[in-house]
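1. requesting a structural model of the entry that follows:
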Amino acid sequence: MYYLKYLWMSVSTNVRLASAFRFAFILTILITIIKQFLFLICWKYFFAKYKVVHGWSFDDMLLMYGIVCFSVGVIEVFFLGLKELPTLIENGQLDTYLLQPKNVILNVALSKGDMSAFGEMITGIILMIYSGYVAKAFIMLILMLSMTLLFMFSLLLYLSCFAFFLRNSSDFIRELNLNAMIVVSQPNSAYQGAFKMFTLTLMPVAFFSFFPIEYIRTGLVQYGWLSLFGTVLFFGVACWMFQVGLSRYESGNIIAYRNQ
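-> Below is the predicted model of the structure:
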């Protein structure tokens, strides 16, 4: 209950700040939605010509992209602070969070939110409905969404933890985030060979945008178990990396005040 109350207070504060500039806030959401649909128009023409990519149709592509948009939107609205973690580590400003009697990872994650990412969430919901899978496999979709949200949280934490081990790595980690989003927004069924192994190990995005879609698309239980196992394991690895990284963290001896 404490964490739920803390989550509600953090989000409500961010919403009030965003609504202070209401017109810009709404305009940003609309632009985000339009941008995503323009991207999908290109894929529409692609699938109009090739019909199927390794068993995936355009509806499967819409489902995957909808799940990606929704998950990214939720994380950026509620847990955007994870993207700022490399900067906090580099500047020695993590002390502010370490000294508070709260879970450090959750405290950092909730420290910032981008309300314009509601556009991503809305886009994701529209695409999932338009794909037809909401009507055909609603329960499976809800289960997979809960796992993909945990995976996206874990992915940002995992990439941000590289800042504990690499100096001046904020820009590098930002590029890793961008490239990870590019990989997960493509039809993952087309990945083969060494790159497919990469998406199962070092950057295990297959557990985010391949196995969940295969489970919903085919109904085969093994894909559901692979999604669950991979996501839980990855979350554990990300938390372990954070704890190991903390043992290497060097305080910046900076006194900072955080009104939250």
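2. summarise which helices and strands the helix or strand Met128 falls within is packed against.
-> Per DSSP states H and E, Met128 falls inside helix 118-131. Where contact means 3 or more C-beta pairs under 8 Å, 6 or more residues apart in numbering; DSSP states H and E, helix 118-131 is packed against helix 22-50, helix 58-78. In this view, the C-beta of every residue, glycine as well, is placed from N, C-alpha and C.
3. starting at the chain centroid, how far to it?
-> Centroid separation between helix 118-131 and its chain, computed with C-alpha atoms, centre = their mean, to the nearest Å, is 15 Å.
4. same question for stretch 215-224.
-> 22 Å.
5. go ahead and name everything in contact with it.
-> Contact with stretch 215-224 is made by 56, 60, 63, 133, 137, 140-141, 143-144, 211-212, 214, 227, as judged by C-beta atoms under 8 Å, 6 or more residues apart in numbering.
6. mind listing what's buried in it?
-> Neighbour-count burial for stretch 215-224, counted by 16 or more other C-beta atoms under 10 Å, picks out Tyr215, Ile216, Arg217, Tyr223, Gly224.
7. what about it, how long is it end to end?
-> Terminal residues of stretch 215-224 lie 5 Å apart, using C-alpha to C-alpha, to the nearest Å.
8. contacts only, for the residue nearest the centre of the chain.
-> Geometric centre of the chain, nearest residue: Met152, 3.2 Å, by C-alpha atoms, centre = their mean. For Met152, the contacting residues are Ser71, Val72, Val74, Ile75, Phe208, by C-beta under 8 Å, 6+ apart.
9. you'd agree it is in a strand?
-> No. Counting by DSSP: H, G, I helix; E, B strand; the rest coil, Met152 is located in no strand; its state is helix.
10. how near is it to Gly73?
-> When distance is defined by C-beta to C-beta, to the nearest Å, Met152 is 10 Å away from Gly73.
11. what about the strands in the protein?
-> In order along the chain, the chain carries no strands (DSSP state E).
12. where are the low-confidence patches of it?
-> Counting by pLDDT under 70, the chain has low-confidence residues at 1-4, 6-8, 10-11, 13-25, 251-260.
13. can you do 50?
-> For the chain, the stretches with pLDDT under 50 are 253-260.
14. Ile26: neighbouring residues, count only.
-> 15 (other C-beta atoms under 10 Å).
15. coming back round to it: and the residue nearest to the centre of the chain, how far from Tyr249?
-> For Met152, the distance to Tyr249 equals 24 Å [C-beta to C-beta].
16. about what we covered before: pull the most distant pair out of the buried residues of stretch 215-224.
-> Using C-beta to C-beta, those reach their maximum pairwise distance at Arg217 and Gly224, which is 11.5 Å.
17. pick the most deeply packed of the helices and strands packed on helix 118-131.
-> Mean neighbour count, computed with mean count of other C-beta atoms under 10 Å, is highest for helix 58-78 among these, reaching a mean of 23.
18. report the angle between that helix and helix 22-50.
-> Put simply, helix 58-78 runs at 160 degrees to helix 22-50, going by axes from the mean of the first three to the mean of the last three C-alpha atoms, to 10 degrees.
19. can you check what angle separates helix 58-78 from helix 118-131?
-> Using the same axes, to 10 degrees: helix 58-78 against helix 118-131 is 160 degrees.
20. show me what helix 58-78 is packed against.
-> Judged by 3+ C-beta pairs under 8 Å, 6+ apart, the packing partners of helix 58-78 are helix 2-19, helix 22-50, helix 118-131, helix 138-160, helix 170-184, helix 206-209, helix 211-218.
21. now the angle from the fourth one to helix 118-131?
-> An angle of 140 degrees separates the directions of helix 138-160 and helix 118-131 when computed by the same axes, to 10 degrees.
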